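Student: sequence and predicted structure, then a few things I'm wondering about:
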Amino acid sequence: MSDKNSKNNSLDNKDQAWSARFAEPVAELVQRYTASVGFDQRMAMVDIQGSLAHAQMLAQQKIISNDDLTAIQKGMAQIQAEIESGQFHWQLALEDVHLNIEARLTQLVGDAGKRLHTGRSRNDQVATDIRLWLRGAIDQIDSQLTQLRKGLCDVAEKHAATIMPGFTHLQVAQPISFGHHLMAYAEMFARDASRLRDCRARVNRLPLGAAALAGTSYPIDRALVAKLLGFDGVCANSLDAVSDRDFAIEFCSVSSLIMTHISRLSEELILWMSPRIGFIDLPDRFCTGSSIMPQKKNPDVPELARGKTGRVNGNLIAMLTLMKGQPLAYNKDNQEDKEPLFDSADTVLDTLTIFADMVPHIQVKAEAMRAAALQGFATATDLADYLVKKGLPFRDAHEAVAHAVKTCAARQCDLADLNLDELRAACNLGQQAQLIDADVKDCLTLEGSIAGRQHVGGTAPQQVLRAIAEYRKSL
Ligand code: ARG
């Protein structure tokens, strides 16, 4: 950004909003150090929107004339067009988005532009802009989150009866439905959506009217401004209105949780796509190759998402730390809220948009999942449960199956590979071996194992389908 060759709205240092008090211009490095226009210009449209609502209220309350209002509206329309077409000349000397737009307005419409800031401060102005901007970002993120949740449901429905090994400690534990596994992520993202909406309700309050910190002596109508800007109400305390950023911290925290869930899903996609596991494949458009190893197809998207989670978590810590030592009311520290906030919002939105596109295209290798589920004695618990249902106390049943597993491990076979007599002997049950009957085979199959878990929250395909139908009601 250059301050030279300004065609339309260049101002001398003496024209800076606060300059009359100062005997010398600000040092060049200090100017760069304190300016935010490099990153806050992306709030330009909401800044104009906020100013127009403020001006309309000022006119309605007869604080400015209707002619002034008309001039301000015309000037702002031109400024908006200049910004949208890239013609607007942003000046570092004008520090931030607010002063840049206001200076240009005054240049275009004269005194009416100078009256816009009546009853307002940059402190309540910037707080309003961030809230308007963040509200828009939240709505975009919410909609991508919904897309991702729909995609998860669709894949889960298709694979309600696809069997994979479920893991604890990354060791084969019990057979589960792949659809059930995916719906676990759908549940996480449903909670994220609910947190996001909670956060939105606290974001959607109007700070304007607080002015610098103490309110203003003009007969303003805050409720009108709130209504014009679509806020649910006004911030109740002027000091809090200008200094509060906990709505932004809360958003960063919600973002961290979303990315944490994305990161867990990513980790699984990466593992599943490893040729050593081979449960899934991802379409080429979400992967990249290696510059040296011609055979490679790397799951870059999930890896990057996992990596970006670190940055989003860092943004949360930056925001918390920025706020922790601040006395009331506004302090310039707060200017540092924008980069982490924007970065978290951008990262979460991009990540969710890509995942919403990618998840429905996960290529499931059901045979590999099934083969893996047949290894590792995934149905051992089912055998123990079978013995319990025949009257054995659970601890004894557990012990009996442990013996059987030991035998199978030595013979390198599965429980289902033993015939009835071998199984009876392997369970080491003595007299009670007769408890095991021919019907035991049903509980040792993968299908029998998952079908048995017939309750709300269980992995039986019927239950998975019921859970998906229930879940879809919230979409
Ligand atoms: N650029 C500032 C920010 O982002 C705007 C508010 C400045 N207020 C002030 N009194 N210097 O926070």
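Tutor: In hand now; what should we look at? Numbers count the residues shown, from 1 in each chain.

Student: just the pLDDT for D3.
Tutor: Listed pLDDT for D3 reads 41.

Student: also F22?
Tutor: With respect to pLDDT, F22 scores 87.

Student: roughly how far apart are it and T106?
Tutor: Distance, F22 to T106, by CB to CB, to the nearest Å: 19 Å. Using the backbone N, CA and C atoms, a C-beta is placed for each residue, glycine as well.

Student: please say which of those two ends up with more neighbours.
Tutor: T106 (20 against 11; other CB atoms under 10 Å).

Student: what does the pLDDT read for the more buried one?
Tutor: Predicted confidence (pLDDT) for T106: 98.

Student: which ones are touching the closest residue to the ligand within the stretch 251-400 of the chain?
Tutor: Proximity of the stretch 251-400 of the chain to the ligand (CB to the nearest ligand atom) peaks at Q335, 3.7 Å away. Contacts for Q335 were tallied using CB atoms under 8 Å, 6 or more residues apart in numbering; they are S36, D40, D96, V126.

Student: confirm for me that S263 is in contact with R306.
Tutor: Yes. Between S263 and R306 there is a contact under CB atoms under 8 Å: 4.6 Å.

Student: pLDDT below threshold where in this protein?
Tutor: 1-18 (pLDDT under 70).

Student: for it, which helix is longest?
Tutor: As assigned by DSSP state H, the longest helix anywhere in the chain is helix 122-158.

Student: where do the helices of the stretch 51-200 of the chain begin and end?
Tutor: 66-84, 97-109, 111-115, 122-158, 178-203 (DSSP state H, counting those that start in this stretch).

Student: those: which one's closest to the ligand?
Tutor: helix 122-158 (3.9 Å).

Student: output the contacting helices and strands for that closest one.
Tutor: On a contact count with 3 or more CB pairs under 8 Å, 6 or more residues apart in numbering; DSSP states H and E, helix 122-158 meets helix 44-60, helix 97-109, helix 178-203, strand 205-206, helix 238-243, helix 246-273, helix 338-358, helix 461-472.

Student: can I get stretch 37-50 in CSV, CA atoms only?
Tutor: Output of stretch 37-50 as CSV, limited to C-alpha atoms (Å, rounded to 0.1, in the frame of the first residue of the first chain):
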residue,chain,number,x,y,z
VAL,A,37,-5.9,-0.8,7.4
GLY,A,38,-3.8,-3.6,5.8
PHE,A,39,-6.0,-6.1,7.4
ASP,A,40,-9.2,-4.4,8.6
GLN,A,41,-10.2,-3.1,5.1
ARG,A,42,-12.0,-6.4,4.7
MET,A,43,-14.6,-4.9,7.1
ALA,A,44,-15.2,-2.1,4.6
MET,A,45,-18.7,-3.2,3.6
VAL,A,46,-20.0,-3.7,7.2
ASP,A,47,-18.3,-0.4,8.1
ILE,A,48,-20.4,1.4,5.5
GLN,A,49,-23.5,-0.5,6.5
GLY,A,50,-23.0,0.5,10.1
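
Student: quick one: distance of that stretch to the chain centre.
Tutor: 23 Å (CA atoms, centre = their mean, to the nearest Å).

Student: next, the buried residues of that stretch.
Tutor: Residues V37, D40, Q41, M43, A44, M45, V46, D47, I48, Q49, G50 are the ones in stretch 37-50 that count as buried (16 or more other CB atoms under 10 Å).

Student: do the same with stretch 226-240
Tutor: Under 16+ other CB under 10 Å, the buried positions of stretch 226-240 are A226, L228, L229, F231, V234, C235, S238, D240.

Student: near the ligand, from those residues?
Tutor: By CB under 6 Å from any ligand atom, no member of the buried residues of stretch 226-240 lies near the ligand.

Student: ok, which pair from those is furthest apart?
Tutor: Put simply, by CB to CB the two of the buried residues of stretch 226-240 set farthest apart are L228 and D240, 21.8 Å from each other.

Student: returning to that earlier point: separation between the residue of the stretch 251-400 of the chain closest to the ligand and I83?
Tutor: Counting by CB to CB, the gap from Q335 to I83 is 21 Å.

Student: which residues does I362 contact?
Tutor: V155, L269, I280, D281, L282 are the contacts of I362 under CB under 8 Å, 6+ apart.

Student: T216 too?
Tutor: When contacts are counted by CB under 8 Å, 6+ apart, T216 touches G119, R120, G209.

Student: how does it look with 10 Å?
Tutor: Residues counted as contacts of T216 (CB atoms under 10 Å, 6 or more residues apart in numbering) are I63, T118, G119, R120, S121, D124, L208, G209, A210, R222, S238.

Student: over to W133?
Tutor: 40, 42-47, 49, 203, 338, 341-342, 345.

Student: so for stretch 331-343, what gets flagged as buried?
Tutor: N331, N334, Q335, E336, D337, K338, P340, L341, F342, D343.

Student: now those in CSV, with distance to A318?
Tutor: Below are the buried residues of stretch 331-343 laid out as CSV (distance: CB to CB, whole Å):
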residue, distance to A318
N331, 16
N334, 12
Q335, 13
E336, 8
D337, 9
K338, 11
P340, 5
L341, 9
F342, 12
D343, 9
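
Student: which SSE is L213 in?
Tutor: Using DSSP states H and E, L213 sits in no helix or strand.

Student: in this structure it contacts Y330, no?
Tutor: Yes. The criterion here is CB atoms under 10 Å, and L213 meets it with Y330 at 6.3 Å.

Student: who touches both of these two?
Tutor: With CB under 10 Å, 6+ apart as the test, L213 and Y330 both reach S121, N123, D124, L239, A241, V242, S243.

Student: Serialize the contacts of I362 to a markdown table and add fields for neighbour count and distance to E367.
Tutor: Shown next, in a markdown table, are the contacts of I362 (neighbours: other CB atoms under 10 Å; distance: CB to CB, whole Å):
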| residue | neighbour count | distance to E367 |
| --- | --- | --- |
| V155 | 20 | 17 |
| L269 | 24 | 19 |
| I280 | 20 | 12 |
| D281 | 17 | 13 |
| L282 | 22 | 18 |
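
Student: determine which two of those are furthest apart.
Tutor: Maximum distance among these (CB to CB): 13.5 Å, for V155 and D281.

Student: overlap in contacts of the two?
Tutor: Here V155 and D281 have H361, I362, V364 as joint contacts, going by CB under 10 Å, 6+ apart.

Student: how about Y386, nearest residue that isn't a chain neighbour?
Tutor: For Y386, ignoring the flanking residues on the chain, the nearest one in space by CB to CB, 6 or more residues apart in numbering is C443 at 4.7 Å.

Student: what sits against that neighbour?
Tutor: Counting by CB under 10 Å, 6+ apart, C443 touches 379, 381-387, 389, 415-416, 449, 451-452.

Student: what's the answer for V155, then?
Tutor: Counted by CB under 10 Å, 6+ apart, V155 has contacts T162, F178, G179, L182, M183, A186, V359, P360, H361, I362, V364.

Student: buried only: go through the residues you listed for me.
Tutor: Looks like these have T162, F178, G179, L182, M183, A186, V359, P360, I362, V364 buried, using 16+ other CB under 10 Å.

Student: wait, the fourth one sits on C153?
Tutor: Put plainly, it is L182. Yes. Between L182 and C153 there is a contact at 8.3 Å, judged by CB under 10 Å.

Student: which residues do the two both contact?
Tutor: Residues touching both L182 and C153 by CB under 10 Å, 6+ apart: I468.

Student: show me where the stretch 301-450 of the chain has its helices.
Tutor: Under DSSP H, counting those that start in this stretch, the stretch 301-450 of the chain gives helices at 338-358, 366-373, 380-389, 394-411, 420-426, 440-444, 446-451.
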